[in-house]
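> sharing a model prediction with you, sequence too.
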Amino acid sequence: MLDLGCDDGMNAIFFARHGYEGHGVDSHSETIKRARAFASKTGVSESTHFRVGDVFNLPYPERFFDVVIDFGCFHHIHKTKWNEYLQSILRVMKPDAFLMLTVYNSRDKHVPNRTRQYVTHQGHYDYFFSKKEIKEIFENDFDIISLIEENLVTPTGLKHSFYHVYMRRKAPREEF
């Protein structure tokens, strides 16, 4: 399995503890160091693999992964790069692989007084999706198995609203 924007490696480590080879990619070398240390502490160093990489040019062979997890990467990608992101993950996914995606939804309130579907704040870009957009973006390449909304309040009082989307890749279309 592959965890995009893996941070401390929690998802790859979870999967490694349950029999998978867990891979994680992140653009920050310090994050990768933390993920490796966490994997070592939890005893799964042999079945986890972390590397610095770019989600638009994933450093893996074609059709390599059964599962790809994106827990908070896609909502930081500018709309103009969504197709590039999709092509990159589709390249490394097996034909019937699963994609587990978590993104901010349009009801998220962690940016006060937001008036658009996107904002740039604290040095990064956030996009807030509607269900319709999620379906439009992914329906050509994936069967959406479930799309669940989660609302929570952080200990600091920020109000978040997410969509958790579980999808299965459709068989790639034949090229003529």
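Structure's in. What do you need?
> at the geometric centre of this structure, which residue sits there?
Asp70 (1.1 Å; Cα atoms, centre = their mean).
> in the chain, which helix is the longest?
Looking across the chain with DSSP state H, the single longest helix is helix 29-41.
> in that helix, what's buried?
For helix 29-41, a neighbour-count test (16 or more other Cβ atoms under 10 Å) marks 31-32, 34-36, 38-39 as buried. No exception for glycine: its C-beta is placed from N, CA and C like everyone else's.
> just curious, which of those is nearest to Arg114?
Thr31 (26.9 Å; Cβ to Cβ).
> and that closest one, what's its pLDDT?
The per-residue pLDDT reported for Thr31 equals 95.
> residues in contact with Val111?
Contacts here follow Cβ atoms under 8 Å, 6 or more residues apart in numbering; on that basis Val111 touches 119, 121, 126.
> downstream neighbour of the longest helix of the chain in the secondary structure list?
Using DSSP states H and E, the helix or strand that follows helix 29-41 in sequence is strand 48-52.
> circling back: need the buried residues of helix 29-41 in CSV with distance to Lys132, can you?
CSV is the format used below for those (distance: Cβ to Cβ, whole Å):
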residue, distance to Lys132
Thr31, 33
Ile32, 36
Arg34, 37
Ala35, 35
Arg36, 40
Phe38, 37
Ala39, 38
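> least trustworthy helix or strand in the chain by mean pLDDT?
Every helix and strand in the chain was compared by mean pLDDT, DSSP states H and E; the lowest is strand 118-121, with a mean of 86.
> neighbouring strands - and their directions - for it?
For strand 118-121, the paired strands and their directions (DSSP bridges) are strand 124-127 (antiparallel).
> quick one: average pLDDT of the next helix-or-strand element following the partner strand?
On the C-terminal side of strand 124-127, the nearest following helix or strand under DSSP H and E is helix 131-138. Taken as a whole, helix 131-138 has a mean pLDDT of 97.
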